[in-house]
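[1] Need the 3D shape of this:
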Amino acid sequence: MSFVASIKNSRFWRVLVGFQKTLLVATSVFVVLIMCTAVLLRYVFKADLFGIEEIVVIAAFWLYLIGSAYGVYERSHVKADIVPQFLPPKPRMILNLIIQFTIAVLCVVFTVWAVDMVRYSLVWMPRTTGLRIPIVVSQSSILAGYILMSFYSVVYFLDDLMSAITGETPAERTGQENS
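    As a prediction, the model looks like this:
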């Protein structure tokens, strides 16, 4: 079993994906409930919940960034792939490797920038205007999302690279379905 296959079959991989799914469901439900509460309070009871917008934005940050990472995990993120459809198999494989490598490099670069952003927020500790929630709470979602995106893209790049080298698909190398 290859190194990449052992990662993808590891308990760590399964726990990570399970954690993401749980966080996605929790933040989705939370955003829906808080928005329903805000509408109910504002339009039925003619009252307002102070700082509700700040709370929704933080939850939405976590929802969007973990959702983006989950999209990378599923390989269902938005991509323009019309050109590869017209290429023969070998050039298509080479183009795919270039694309996967570029995605992995960009994710790692964005992760480094996110580390710097969170580090800056921890030093200066800016806060939201209403509830005085530390900005690092929402910014850490950017860091977490890009760490996950980087991890998945590097693993998938290595998987595709091994497939290109051996001439086998990832499913053929591991003897199972590619996830």
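[2] give me the low-pLDDT residue ranges for the protein?
    Along the chain, the model assigns pLDDT under 70 to residues 1, 80, 169-179.
[3] At the geometric centre of the protein, which residue sits there?
    The structure's the chain has its C-alpha centroid closest to Ala69; by Cα atoms, centre = their mean the separation is 1.4 Å.
[4] which residue packs closest to that residue, ignoring adjacent ones?
    Distances taken as Cβ to Cβ, 6 or more residues apart in numbering place Leu148 nearest to Ala69, at 3.5 Å, with adjacent residues excluded. Where C-beta positions appear, they are placed from N, C-alpha and C, glycine not excepted.
[5] Just list the residues touching that neighbour, thanks.
    By Cβ atoms under 8 Å, 6 or more residues apart in numbering, the residues touching Leu148 are 16, 20, 66, 69, 72-73.
[6] Taking these together, which two end up most distant?
    The distance between the two most remote of the contacts of Leu148 (Cβ to Cβ) is 12.1 Å, for Leu16 and Val72.
[7] Which positions in the helix or strand where Phe19 lies come out as buried?
    Secondary structure from DSSP states H and E places Phe19 in helix 11-39. By neighbour count, and taking 16 or more other Cβ atoms under 10 Å as the criterion, the buried residues in helix 11-39 are 13, 16-17, 20, 23-24, 27, 30-31, 34, 38.
[8] Select the longest helix from the chain.
    Assignment by DSSP state H gives helix 89-124 as the longest helix of the chain.
[9] Any idea how far the very next helix or strand once past that helix is from the middle of the chain?
    Sequence order places helix 136-166 as the next helix or strand after helix 89-124, per DSSP H and E. Using Cα atoms, centre = their mean, to the nearest Å, we find the averaged C-alpha position of helix 136-166 to lie 8 Å away from the chain's own average C-alpha position.
[10] Please consider this matter closed, and thank you.
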